[in-house]
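Chemist: Okay, structure incoming, though there's no sequence with it:
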């Protein structure tokens, strides 16, 4: 049975995704994430067959960790994996990362389905709100993120 946590890197699927990415040469990480976000957004109907919400949340969190405000994610990432941080140039991935995140974890997205306790549901919502705020600030620094509650 798999582990499903409410943090961006706290599920087996998220960790598997990050580990697969870490196996690639670091100079290929940005392209791999760019491809992943494009694939998710172009193939929304393949959710649950070709990709899963926890993988998309982890990918978005990798981008957020490289942005201002994502420093706490860097610590969480280093605690969970040996994945190197993305370079500051990851900021050009903020828009596709945010779009993919909102697809899987918008207010009624699949990321929010199935949490067994109210505490887990609220923690999962906080995770997404945090990522949304970091990515939104990079996409449009003068606009505050949309409220998810």
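Modeler: Received, thanks. For clarity, every value in this text was computed on a predicted model and none was experimentally measured.
Chemist: dump the residue contacts of the spatially closest residue to residue 63 that is not a sequence neighbour.
Modeler: Using C-beta to C-beta, 6 or more residues apart in numbering and skipping residues adjacent in sequence, the residue nearest residue 63 is residue 97, 4.2 Å away. Glycine gets a C-beta too; all of them are placed from N, C-alpha and C. Residue 97 makes contacts with 33, 37, 59, 60, 63, 64, 135, as judged by C-beta atoms under 8 Å, 6 or more residues apart in numbering.
Chemist: Mind giving me the ChimeraX select for these, buried ones only?
Modeler: Buried residues within the contacts of residue 97, by 16 or more other C-beta atoms under 10 Å, are selected in ChimeraX with:
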select :33,37,59,60,63,64,135
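Chemist: Looking at the contacts of residue 97, which is nearest residue 6?
Modeler: Taking C-beta to C-beta as the measure, residue 60 is the one of the contacts of residue 97 closest to residue 6, at 14.6 Å.
Chemist: List the contacts of that closest one.
Modeler: 8, 97, 98, 100, 101, 131, 135.
Chemist: one step back: roughly how far is the one helix or strand the residue nearest to residue 63 maps to from the heart of the chain?
Modeler: Assigned by DSSP states H and E, residue 97 belongs to helix 94-105. Offset of helix 94-105 from its chain centre (C-alpha atoms, centre = their mean, to the nearest Å): 8 Å.
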